[in-house]
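J.: show me the folded form of this:
(one chain, ligands or ions: 1)
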Amino acid sequence: MKWGKWGSCFSTSAYLSAIEFCAENNINSFDHADIYGDYTTEKEFGDALKNNSALRTKIQLITKCGIKMLSVNRPANKIKSYDTSSKYIIQSAEQSLENLHTDYIDVFLLHRPDPLMNPIEIAEAFTKLKQQGKVLHFGVSNFTPSQVTIINKYFPVEVNQIEISVSHLEPFHNGQLDQCIEHKIIPMAWAPLGGGSIFSAIPDQKSKRILAVAQGLDKKYSAGIDNILLAYLTAHPAGIIPVLGTSKIERLKSAIANTGLQLEREEWFMLWAASTGHDVA
Ligand SMILES: NC(=O)c1ccc[n+]([C@@H]2O[C@H](COP(=O)([O-])OP(=O)(O)OC[C@H]3O[C@@H](n4cnc5c(N)ncnc54)[C@H](OP(=O)(O)O)[C@@H]3O)[C@@H](O)[C@H]2O)c1
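T.: Numbers count the residues shown, from 1 in each chain. As a prediction, this is how the structure comes out:
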């Protein structure tokens, strides 16, 4: 989301060297959505990928559909809205395949729950895309447990990509992570560092408290505050996969070096208390 127009505005060669660095270092899943960069980032990434065809089998491409944004690149859209009709899902997948210059998408997600979504129609679209070999795995993003349950009744949901971080603890107690464990659904955490808010020049009170605890833990682990916050997520038994938002290779290197960092249980709760402002009951 932040490699293109909504962030670092990578050139084709910068995309390619970042993808190559990741692929060589076991960071092999890339999170896209049709809308990123105002509908431009998928294609920029795909154009870079075209320059090294050996990369495709070493990486997994995730992308999403369902949000229709107001954009000069989509002049027909009259208002921001959601569309999870069968026709729109299939059309979006085909557009993403073209943008990414690939024959298949590894993981295709519905980006937001749509108040008008019809699980039977969604299952029909997913089944067709799977049978055609255009998509290998399917999931959702930002879905509540009941919304996952209703889709899961008609088609297996393999991923729920949701906001999870020390700054955003809801999934730990709203049933989303419980459901992932129960149904072996992979939880992917977007904004795993709170979208970078904790590093802001003027942090809010919650961020200040989290930062103070994370800095204390960093003295012990020498891992970097960002990696302390990632370890907070990977500690959970649901097997949370953080979707890193950085565009800096040094930060990726540091995350790789600190994979496997394990916090003590009480340290985990210190971060919890810093986030909520009080100890658990
Ligand atoms: N499904 C959804 O609805 C949804 C919604 C939002 C995002 N997403 C996905 O989730 C991904 C991650 O979200 P996010 O970008 O909000 O993630 P994030 O990793 O929480 O935040 C990334 C931001 O934190 C900054 N940052 C990271 N480490 C830092 C450090 N040590 N010091 C200072 N700043 C630091 C990064 O800046 P630098 O680039 O300078 O490192 C970047 O601006 C997105 O790229 C997108 O693919 C999905």
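J.: angles on the backbone of the residue of the chain found nearest the ligand, please.
T.: Distances between the chain and the ligand by C-beta to the nearest ligand atom are smallest at Gly245, namely 1.9 Å. Where C-beta positions appear, they are placed from N, C-alpha and C, glycine not excepted. Taking degrees, to the nearest 10, you get phi -100, psi 0 for the backbone angles of Gly245.
J.: not counting its neighbours along the chain, what's nearest it?
T.: Closest residue in space to Gly245, ignoring its immediate chain neighbours: Lys2 at 5.3 Å, by C-beta to C-beta, 6 or more residues apart in numbering.
J.: number of residues surrounding that neighbour?
T.: 18 (other C-beta atoms under 10 Å).
J.: same thing with Asp114?
T.: Asp114 has 18 nearby residues by other C-beta under 10 Å.
J.: next one, pLDDT for the closest residue to it other than its chain neighbours please.
T.: Excluding the flanking residues, the one nearest Asp114 by C-beta to C-beta, 6+ apart is Tyr82, at 3.8 Å. We have a pLDDT of 98 for Tyr82.
J.: now do the one 4 residues further on
T.: The predicted local confidence for Ser86 comes out at a pLDDT of 98.
J.: thought it was touching Ala125?
T.: Yes: if you go by C-beta atoms under 8 Å, Ser86 and Ala125 touch, sitting 4.1 Å apart.
J.: these two - which one has more neighbours?
T.: Neighbours per residue, other C-beta under 10 Å: of Ser86 and Ala125, the larger number sits with Ala125, 25 against 17.
J.: list the contacts of that one.
T.: 86-87, 89-90 (C-beta atoms under 8 Å, 6 or more residues apart in numbering).
J.: now secondary structure and distance to the ligand too, for those, in JSON lines please.
T.: Shown next, in JSON lines, are those (DSSP: H, G, I helix; E, B strand; the rest coil; distance: C-beta to the nearest ligand atom, whole Å):
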{"residue": "Ser86", "secondary structure": "helix", "distance to the ligand": "21"}
{"residue": "Lys87", "secondary structure": "helix", "distance to the ligand": "22"}
{"residue": "Ile89", "secondary structure": "helix", "distance to the ligand": "16"}
{"residue": "Ile90", "secondary structure": "helix", "distance to the ligand": "20"}
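J.: among those residues, which two are most distant?
T.: Maximum pairwise distance among those (C-beta to C-beta): 7.5 Å, between Lys87 and Ile89.
J.: if you count what's nearby, which of those two comes out ahead?
T.: Using other C-beta under 10 Å as the criterion, Lys87 and Ile89 rank with Ile89 on top: 24 against 10.
J.: what helix or strand is Glu44 on?
T.: Here Glu44, judged by DSSP states H and E, is contained in helix 41-49.
J.: show me what the mean pLDDT comes to for that helix.
T.: In the prediction, helix 41-49 has an average pLDDT of 98.
J.: quick check: buried residues in that helix?
T.: Under the neighbour-count criterion of 16 or more other C-beta atoms under 10 Å, helix 41-49 has 41-46, 48-49 buried.
J.: and for stretch 22-30?
T.: 22-23, 27, 30.
J.: now for these, which pair is the farthest apart?
T.: Farthest pair in the buried residues of stretch 22-30, by C-beta to C-beta: Ala23 and Phe30, 9.5 Å.
J.: so where do the strands sit in the stretch 1-150 of the chain?
T.: In the stretch 1-150 of the chain, the strands defined using DSSP state E, counting those that start in this stretch lie at 29-31, 60-65, 67-68, 81-82, 105-110, 135-141.
J.: can you put these in CSV and add distance to Arg251?
T.: Shown next, in CSV, are the strands of the stretch 1-150 of the chain (distance: least, C-beta to C-beta, whole Å):
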stretch, distance to Arg251
strand 29-31, 16
strand 60-65, 20
strand 67-68, 27
strand 81-82, 33
strand 105-110, 23
strand 135-141, 23
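J.: what does the chain put close to the ligand?
T.: Within the chain, the positions lying close to the ligand (C-beta under 6 Å from any ligand atom) are 1-2, 31, 111, 141-142, 161, 190-196, 199, 226, 243-248, 251.
J.: between Ala23 and Phe30, which contacts overlap?
T.: Common neighbours of Ala23 and Phe30 (C-beta under 8 Å, 6+ apart) are Ile59.
J.: domain assignment for the protein?
T.: Taking automatic domain parsing as the domain assignment, the ranges for the chain are 1-157, 160-281.
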